[in-house]
Structures are given as C-alpha cells and as structure tokens.
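**Student:** With the input below, show me the fold.
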Amino acid sequence: MNIEQVLNQRFGYQTFRPGQKEIIDTLLSGESVMGMLPTGTGKSLCYQLPGYLIAGTVVVISPLISLMEDQVTQLQQLGERKTVALNSLLSMPEKQYVLKSLSSYKFVFMSPEMFLAEKTQQALTKTKIAFVVVDEAHCVSQWGVDFRPEYLKLSEGIRRLNQPLILALTATATPEVRQDIQKLLFTETVKEVVYSVDRPNVSLFVETGDKRDRLTAMISQLPGAGIIYCATRKHVEQLYELLKDQERIAYYHGGLTGQERRMLQQQFIAGELRILIATNAFGMGVNKNNIRFVIHYDLPASPEDYLQEIGRAGRDGKPSQAILLYDEGDEYVHQFLHQQSIDSRRLFEMKKQMTDLVLDDPLIQKWEELFPDQSQELIGLLERREAIRREQLQEMLSYIQLTSCRRKFLINYFGQKLENQPKDCCDNDGAQLKQDKNAGNPVVSAEDWPVILLKLFKKTTKD
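**Tutor:** Model prediction:
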C-alpha cells in the first residue's frame, strides 16, 4: 500500500498539505528530519501516517499533558486503539502496565521527564522503536520561547535506544532555533523541511485604549466561534464574569480538573459554546477548524507565542481574524514573571556558593537533578535566556507600535519573506474588522456553566 492509499483509507484525505509528503518520504527513506510547518497545517499526520508503514512503536515526546491527551483522542477517533499517553494522570499500576506492554502500542506519548526516567529507558530498550518524535521541538533551544532545560537531555536518552530515526516538529522556529535543534538533538545535520509561518487567511489587527470597553463592544459583533486569550487565570475569570450574560461562553485554565477541561473542549468543538476565554493552557492540538477569531486581551510574551496562538484561527482556510488589544503597561505582567526567573537563578547561584543552604524550591531542585555537575553552564544558559525573553517582549511592543505591514514584520522575524500580500492583510494595510450584527448567540441558560458541570458530575457519580 502506497502513502496516498494510506492517506485516503486511514485519514480520509485525498491530498497532502504542503510539507507533509516531503517529511513522510524522508522518514520512509530511513533518514531523520526536522519539519517546520505553520500552526494548523497537520503536523501530526507527519508521524501518524509513517507510523503505519514503519514497523515498531512510535514514541512521541510532548511538552504538555493536555496536548498528549488531545493527540491520543484524535487517534482514537480515527480508530486507533493501540495508543496511550504515559503521564502523571495514570496511577502507578497503570504506568507499570504500560511500561511492560510498550511493544503492544503503536503510538506512545510522554513528556521529556517521563522519557528520561530510568524505568522508561529500560522498557524502551526492550521495545522495537519505529522512530522518535520530538513535538514542539523549539523547546530544545535556548532561543525557543518555551525553552525547557529537560529537552537538553533528550539526545542522551535517544542515543541509548540504538539511534532510532528522529522527527523534530515545530511551527515557530527562527533560524537560530533551528540551528540549535540541529546541534542539540541530532548527531549530524539532517534535512529541514521549512515552510512559511504565514497564515494568509488570518487578518491582523491591533487596537489600543480601554480594552474592557472595546472588547465588550466588539464581541457580539464578531461572526463565528472564537477564543479570547489572557495572560493570567485572574483575567480569564474576570472576563467571564463580564461577558457571561451576553454569550454562550466558558472559561478554561490550568486550575480546572482534567474532566472539566475535556468537557469544555468537547462543547467548544461541537459548537455548544461560541467563545472560550482561556490562558495559553488551551489550544495546542485542539481539532476545531472553524474558529473565526482569536482575541488577545493581554500582550503575548513573544512573536512565537502570538503566532502559535493566532494559528488556532481559520484552520479550514476561510477568512479569520486575529485581534490584539493593548493598554499601556500590559507588558508589566511579563516583566514580573521575568524577574521571578531572575530571582530563581540568583538563588541557584547562591546555593552553589553556600553548599549548606537549604532551599525548598522545586525549580532549583529540578535544575540540580538535571545538571548536577554543570551548574556554571546552566547559570550562563539561564542568563542568556533572560536576555532573549527581554528581546522577545520588546519585539511584541514594536509590533503594536507598527505603522507598516504587521504580517511582513512577523514573517521577517522568523527569517522569511512575505511573498504574496493577501487582500485583507492587516489594519495598517486597510483591512477592516468583519462584523455581523447577528453574530452573537443568546445565552441558553441562566445558570453558570460551572453549576451545570457540577450537576452533570453528580449525576454521573450517582449513575
């Protein structure tokens, strides 16, 4: 069976999207590969399809539990039963069962920490590995917005598995990030399949001034389903209280239980909710292709974050809108978080100088476990990372203040050129917000969604 037949019979598609076939062909030829495809263009297919054509278990290393769960659910909906997420949501007996049965699964998802755990490594060495996928591979790089030191150890763990094929996937990698991935993840330079980060069907807008008033005025006028992103849980819940009486709306953040998050996600995908107000805990892997708008109520920390999050809109290729609201001083929340990171790094330096100092800081404890004999190297890495985060935040402030093309600015940031400017490009090029007076949907119940969920959970327990 050739790959076009698998594409049609297993996944129901007639043709590949740009970049997919090239990545898959490279894997099938026995070569590792790095793929950079825009958000919402089907990166998951790049490991799902060859997984059925290469013997063995596909190990997918993913940074977020929510993303693992989403991807497992998608595979199950496609009829794949031999898939599992090996993470903290499993009980100890369940983890032990999965580890003993690894070879019976086709796709196994896990975090970097779980992958590097000794028991996992031992189980993997006894399993035939088809290839290893490093999803959100920009996390490997010190230049990547979601940099996580655990990713620096991945290559060591992969080498213990007799050098299997590696597929690195990302949607947001500057040339510096890609260079870092090549150096830190692969033993030799591999082929790169890189496509433009541009999403031409998503129009770009920035609005400054009183965000609360502007949001209240526009939300009922915007057509279709949408996401409102906030930087903090507090802002998420405040906006929900503001808008709950005029929209079919809910909020989503890491403080909800896994069951609550899954139910809200399903309701949003099914169209029972028109709008979700969320932190960036929501979105990665969510398979809803008709989101028509994404609003950022708070300033994103970087162009990488912004591009990733507006990429939730318009996955069906139809016109969609990305709207960033800005009030003077919105950057302070990120500066506060940056200072917390600096304080942790300084404590780490102090502890290395005063060996009898006891610090009950989980972040510092994690650093000590990962880099027991490389403290100076880690401190230098963290200092460089602090400078990078300041630069990324400044780039977002520059984006807001632009009087020229916003799309060109974002694409240039990723070392690419804007080849074709779409008609409805951005507000600086004459694009107008698309509005529909009948867009809003009446609230179907006077009860808040948390009350409804609570009743459902109680009923399920009684049944």
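**Student:** how about the strands in the chain?
**Tutor:** For the chain, applying DSSP state E gives strands covering 33-36, 57-61, 83-86, 107-110, 129-134, 165-170, 191-194, 202-208, 225-229, 249-252, 275-278, 291-296, 320-326.
**Student:** Turn those into CSV, columns for distance to Ile364 and mean neighbour count.
**Tutor:** In this view, the C-beta of every residue, glycine as well, is placed from N, C-alpha and C. Formatted as CSV, those follow (distance: least, Cβ to Cβ, whole Å; neighbours: other Cβ atoms under 10 Å):
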stretch, distance to Ile364, mean neighbour count
strand 33-36, 32, 25
strand 57-61, 24, 25
strand 83-86, 27, 22
strand 107-110, 24, 24
strand 129-134, 26, 24
strand 165-170, 28, 25
strand 191-194, 36, 16
strand 202-208, 38, 21
strand 225-229, 30, 23
strand 249-252, 30, 25
strand 275-278, 30, 26
strand 291-296, 32, 25
strand 320-326, 34, 24
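**Student:** With mean pLDDT and distance to Glu4 added, can I get these in a markdown table?
**Tutor:** Formatted as a markdown table, the strands of the chain follow (pLDDT from 0 to 100; distance: least, Cβ to Cβ, whole Å):
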| stretch | mean pLDDT | distance to Glu4 |
| --- | --- | --- |
| strand 33-36 | 97 | 19 |
| strand 57-61 | 97 | 20 |
| strand 83-86 | 95 | 23 |
| strand 107-110 | 96 | 21 |
| strand 129-134 | 97 | 20 |
| strand 165-170 | 96 | 20 |
| strand 191-194 | 96 | 18 |
| strand 202-208 | 97 | 29 |
| strand 225-229 | 95 | 33 |
| strand 249-252 | 91 | 38 |
| strand 275-278 | 93 | 36 |
| strand 291-296 | 96 | 29 |
| strand 320-326 | 97 | 30 |
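**Student:** now the ones you listed in CSV, with distance to Gly311?
**Tutor:** Below are those laid out as CSV (distance: least, Cβ to Cβ, whole Å):
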stretch, distance to Gly311
strand 33-36, 13
strand 57-61, 20
strand 83-86, 23
strand 107-110, 21
strand 129-134, 19
strand 165-170, 12
strand 191-194, 16
strand 202-208, 8
strand 225-229, 11
strand 249-252, 17
strand 275-278, 14
strand 291-296, 8
strand 320-326, 9
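**Student:** what about stretch 265-273, how long is it end to end?
**Tutor:** 9 Å (Cα to Cα, to the nearest Å).
**Student:** can you tell me the average pLDDT over that stretch?
**Tutor:** If you average the pLDDT over stretch 265-273, you get 89.
**Student:** for that stretch, which positions count as buried?
**Tutor:** By neighbour count with 16 or more other Cβ atoms under 10 Å, stretch 265-273 contains the buried residues 265, 267-269, 273.
**Student:** Need these in a markdown table (columns: distance to Asp213).
**Tutor:** Listed next are these as a markdown table, based on distance: Cβ to Cβ, whole Å:
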| residue | distance to Asp213 |
| --- | --- |
| Gln265 | 30 |
| Gln267 | 28 |
| Phe268 | 26 |
| Ile269 | 31 |
| Leu273 | 24 |
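**Student:** among the strands of the chain, which is nearest Gln96?
**Tutor:** With Cβ to Cβ as the criterion, Gln96 lies closest to strand 83-86 of those, at 10.7 Å.
**Student:** one step back: relative to Gln182, which of the strands of the chain is closest?
**Tutor:** Between Gln182 and the strands of the chain, the tightest spacing by Cβ to Cβ is seen for strand 33-36, at 7.0 Å.
**Student:** now what about that closest one, what contacts it?
**Tutor:** By Cβ atoms under 8 Å, 6 or more residues apart in numbering, the residues outside strand 33-36 that reach it are 19, 23, 26-27, 43, 46, 137, 167-171, 173, 178, 181-182, 186, 190-195, 197.
**Student:** now what about stretch 297-307, what contacts it?
**Tutor:** If you take Cβ under 8 Å, 6+ apart as the criterion, stretch 297-307 is touched by 39, 138, 144-146, 171-172, 174, 197, 211, 215, 228-232, 235, 239, 280, 296, 309, 324-326, 330-331, 333-334, 337, 389, 392-393, 395-397, 399-400, 410, 413-414.
**Student:** pLDDT weak spots in the stretch 301-450 of the chain?
**Tutor:** Low-confidence segments of the stretch 301-450 of the chain (pLDDT under 70): 355-361, 437-450.
**Student:** need the helices for it, in chain order.
**Tutor:** For the stretch 301-450 of the chain, the helices defined by DSSP state H, counting those that start in this stretch cover 303-310, 332-353, 362-370, 375-401, 406-413, 449-462.
**Student:** helices or strands up against the third one?
**Tutor:** Contact analysis of helix 362-370 by 3 or more Cβ pairs under 8 Å, 6 or more residues apart in numbering; DSSP states H and E lists helix 332-353 as its packing neighbours.
**Student:** Give the other helices and strands that the helix it packs on contacts.
**Tutor:** Taking 3+ Cβ pairs under 8 Å, 6+ apart as the contact cut, helix 332-353 packs with helix 362-370, helix 375-401.
**Student:** roughly how far out does it sit from the chain middle?
**Tutor:** Relative to the centre of its chain, helix 332-353 is centred 25 Å away, using Cα atoms, centre = their mean, to the nearest Å.
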